[in-house]
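[1] turn this into a structure:
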Amino acid sequence: MSVKRVFSAGGIIFKKEKGEVKVLVTQHSKHKGWEFPKGHLEIAETSEQAALREVEEETGVKAKVLEKAGTTQYFYYDDDKQKCFKTVNYFFMQFLELGAATTASEVSDKKWLPVDEVENQLSFKSTKEMWREAQKRIEQLTIDR
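    Numbers count the residues shown, from 1 in each chain. You can find the predicted model right below:
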């Protein structure tokens, strides 16, 4: 059986609220897992472009990419029972403003959480591991913002 390669990108979006840094996490409407917003790359789209597009489509958040945050990789089976190996590149993004979520049906819930509560909300091992490393950097990125 062949394995299909799938490439996605997403964002670790943060904002400061009353001096406290908050990070956006979303719940997937099908599998109900909590993660950072993400989605597939379109043809000729960079990972940064896909991450910005997917974040806005799923959550309505307009953001600015600051730098790469990390990568996750995992296997899953798609709707056609095809085994897939997915690579997701995540980027730190600074919240700019709220727009319109055009594919909001893919997200059943979203939360802005304090940095120290994010890991407990995340559902998947690979995302939690990536977040542990990213969390060290997000504290530096948000000092002057």
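[2] now stretch 106-124, how far from the chain's geometric center?
    The chain centre lies 10 Å from the centre of stretch 106-124; the measure is Cα atoms, centre = their mean, to the nearest Å.
[3] got the CA positions of that stretch in CSV?
    These are the backbone C-alpha positions of stretch 106-124, laid out as CSV (Å, rounded to 0.1, in the frame of the first residue of the first chain):
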residue,chain,number,x,y,z
GLU,A,106,-14.1,23.2,10.0
VAL,A,107,-13.8,24.6,13.5
SER,A,108,-16.4,23.8,16.2
ASP,A,109,-14.8,26.0,18.9
LYS,A,110,-11.9,28.3,19.5
LYS,A,111,-10.2,29.7,22.6
TRP,A,112,-7.7,32.3,23.5
LEU,A,113,-5.6,30.8,26.3
PRO,A,114,-2.8,32.0,28.5
VAL,A,115,0.5,30.5,27.4
ASP,A,116,0.8,28.2,30.4
GLU,A,117,-2.7,26.6,29.7
VAL,A,118,-2.1,25.8,26.0
GLU,A,119,-0.3,22.4,26.4
ASN,A,120,-3.1,21.0,28.5
GLN,A,121,-5.7,22.0,25.9
LEU,A,122,-3.9,20.4,22.9
SER,A,123,-5.1,16.9,22.0
PHE,A,124,-2.2,15.4,20.0
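[4] any idea of the mean pLDDT for that stretch?
    Averaged over stretch 106-124, pLDDT sits at 93.
[5] can you check stretch 48-63 too?
    The pLDDT scores in stretch 48-63 average 95.
[6] need the residues that contact it.
    Counting contacts by Cβ atoms under 8 Å, 6 or more residues apart in numbering, the residues outside stretch 48-63 that touch it are 8-11, 13, 24, 26, 37-42, 45, 65, 89-91, 93-104, 106-107, 110. To be clear about C-beta, it is placed using only N, CA and C from the backbone, and glycine gets the same treatment.
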